[in-house]
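J.: turn this into a model:
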Amino acid sequence: MADKQEKRPAEESEKKNLGGKRSLFDRLLADKRMRQLFSVIMAVFVWLLVAMTINNQTTVAVSNVPVVLDPDYISRGLEEDAEPASVSVQVTGPRTTVGLITANDILVTADTSQVNAPYTYPLTLTASFRDAGYEADPEMQVTVDQPTVTVKFNRTQNEAFTIDANLPDDMNTRMDTDRYMEGEVSISPAEVTISGSEDQIARIDRVVLQYELPDAIEDTLRFEELPIQLLDAAGRAIDPEEAGLVLSTETANLTIEILYIKEIPFKVEYVNVPAAFPIDLMPHTLSPASITVAGPREEVERLGSWSLAEIDLHDIDLEYTHIFRIEMPEGFINIDGVETVIWEFDPLSVDRFSEVTISIQNEQQFRVINEPDAAMYSWDYVARSPQIDNIRIIGLNELVDSIDPYEIIAVIDGNLLRPGQRQVQVQIETPGGLLWAYGDYAIAMRVDPVEEETG
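T.: Now for the predicted structure:
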């Protein structure tokens, strides 16, 4: 027993020595923060151990995956009525990989090999990975939650529609209709070709342009690149994108011609009028006396009168009547609808005029103007004593009664003379006033070249 008592102080002394020299591990465990860090490390280690030794495969659901239609149906002249709804798929594979998969990594295809006519078809769905690495990995699998998707197909159609200017009903209230009127409306291009399904094409009733008119219209309106709008039978707009319609052009140019209205008096031109003859005093009537037209403003405003065809003074007698045909210049509109104008010797003035027949027998009563070059030609009358008989002279009574036959002159234009012998037209000149010759008259003339003198 004495021996035991001797050993106890020795053991206690040894323990005290050990307590004074604690290990590094003991000191770390004594720190609370180090114990927490150690716990985390051990937890991760245990998780990795479990993940590597227990089953690593898992399955997750991926939603909102779009369905892609096999394009075979397009070559058969068909198109889908609407895009098929998105679907959900199940993806199976390693946990570390499956958790990274999104809808963009998956391709769901609908088989359209049996689509050959307009109809609603149930299409078989298949799913695959877009990434070739995932697709080749035997541990990665993807399946579609639903075996089929229902899609309606329509026949594809191309149809040309005339573009409507869609003029507003109040257009005439925006202009002075006494001075302006609507002319030609032109659209370029005039048509638009629309491609789409038969059902959607059948909805289109009109194709119109969208624009706004000014409050006051006084000149031609020009619009460029106006948007084209599709309307159904009820006048509702059809959105081409929503309806799956493709337009050959989405804009067009529009020109609305505004014409200027003006009443223009008729005017007659005369030919073969002697220089001193007062043609403006020739009594006559025009029926109608004027015409109302519409045309481009600048051109219409320049017109002070509407010139008719010419009248030969030699054709006018006391019963003379001439009918003119009215032709509209390009771009003009005949508002009155006048097609002919009648020129008539004024019936109310007939009693103030009379007629007499005379002859010219004196060579002094013939006069040549524009004589030929005497060095090249010589000319003479064929008759030894030139004369013109039965000349009808018309004029005011007092002038006809006092006429002196020797005052009547036959004028020959030398520009009409040609080598040889021929009848040459002459113009009969009267002394003055409203006195003129009716009819055409001529005289035989001979023109000879002048022979060169030889030395």
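
J.: how about the residue nearest in space to the middle of the chain: what's its closest non-neighbour residue?
T.: A centroid search over the chain (CA atoms, centre = their mean) returns Ser188, at 1.2 Å, as the residue closest to the centre. Counting by CB to CB, 6 or more residues apart in numbering, the nearest residue to Ser188 once its immediate chain neighbours are dropped is Asn253, at 4.7 Å. Yep, even glycine has a C-beta here, placed from its N, CA and C like the rest.

J.: tell me which residues touch that neighbour, please.
T.: For Asn253, the contacting residues are 187-188, 222-226, taking CB atoms under 8 Å, 6 or more residues apart in numbering as the criterion.

J.: looks like Thr150 contacts Thr124 (just checking).
T.: No - applying CB atoms under 8 Å, one finds Thr150 not in contact with Thr124, separated by 11.4 Å.

J.: the more surrounded of these two?
T.: Shown here are Thr150 and Thr124; by other CB atoms under 10 Å, Thr124 has more neighbours (15 against 11).

J.: what's the pLDDT at Glu6?
T.: In the predicted model, Glu6 carries a pLDDT score of 48.

J.: the chain should start at 17 in everything you say after this.
T.: Will do, 17 is the new start, and the previous item becomes Glu22.

J.: state the distance from Val416 to Ile90.
T.: For Val416, the distance to Ile90 equals 95 Å [CB to CB, to the nearest Å].

J.: quick one on the thing from earlier: buried subset of the contacts of Asn269, written for PyMOL?
T.: Selecting only the buried entries of these in PyMOL, with 16 or more other CB atoms under 10 Å as the criterion:
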select buried, resi 203+239+242
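
J.: I'd like the contacts of Asn269 laid out as TSV, including pLDDT, secondary structure and distance to Ala133.
T.: Formatted as TSV, the entries for these read as follows, by pLDDT from 0 to 100; DSSP: H, G, I helix; E, B strand; the rest coil; distance: CB to CB, whole Å:
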residue	pLDDT	secondary structure	distance to Ala133
Ile203	97	strand	37
Ser204	97	strand	39
Arg238	95	strand	48
Phe239	96	strand	44
Glu240	96	strand	44
Glu241	96	strand	40
Leu242	96	strand	39
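
J.: mean confidence for stretch 464-471?
T.: For stretch 464-471, the mean confidence score works out to 65.

J.: three-state assignment of Val366?
T.: Put simply, Val366 is helix when judged by DSSP: H, G, I helix; E, B strand; the rest coil.

J.: and it, what does it touch?
T.: Taking CB under 8 Å, 6+ apart as the criterion, Val366 is in contact with Leu334.

J.: swap the cut-off to 10 Å and go again
T.: 299, 334-335 (CB atoms under 10 Å, 6 or more residues apart in numbering).

J.: what score does it have for pLDDT?
T.: According to the model's per-residue confidence, Val366 sits at a pLDDT of 94.

J.: which regions of the protein sit below the pLDDT cut-off?
T.: Filtered on pLDDT under 70, the chain yields the residue ranges 17-46, 63-71, 391, 467-471.

J.: pop the domain breakdown of it in here.
T.: The domain map for the chain lists 40-70, 73-86+99-168, 173-275, 276-367, 370-465, with the assignment taken from automatic domain parsing.

J.: from the contact counts, what lies against the helix or strand harbouring Trp452?
T.: Here Trp452 is covered by strand 451-454, with elements defined by DSSP states H and E. Other elements packing on strand 451-454 under the criterion 3 or more CB pairs under 10 Å, 6 or more residues apart in numbering; DSSP states H and E are strand 369-376, strand 404-412, helix 413-417, strand 436-445.

J.: quick one, phi psi at Ala218?
T.: Summarising the backbone geometry of Ala218 under the convention degrees, to the nearest 10, its torsions are phi -70, psi -20.

J.: which parts of the stretch 267-416 of the chain are strands?
T.: For the stretch 267-416 of the chain, the strands defined by DSSP state E, counting those that start in this stretch cover 267-287, 300-303, 306-311, 322-328, 337-341, 349-350, 356-361, 369-376, 382-385, 393-397, 404-412.

J.: same list (those strands) but as JSON lines, adding distance to Pro134.
T.: Converted to JSON lines, these look like this (distance: least, CB to CB, whole Å):
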{"stretch": "strand 267-287", "distance to Pro134": "31"}
{"stretch": "strand 300-303", "distance to Pro134": "68"}
{"stretch": "strand 306-311", "distance to Pro134": "52"}
{"stretch": "strand 322-328", "distance to Pro134": "63"}
{"stretch": "strand 337-341", "distance to Pro134": "60"}
{"stretch": "strand 349-350", "distance to Pro134": "50"}
{"stretch": "strand 356-361", "distance to Pro134": "61"}
{"stretch": "strand 369-376", "distance to Pro134": "87"}
{"stretch": "strand 382-385", "distance to Pro134": "89"}
{"stretch": "strand 393-397", "distance to Pro134": "92"}
{"stretch": "strand 404-412", "distance to Pro134": "86"}
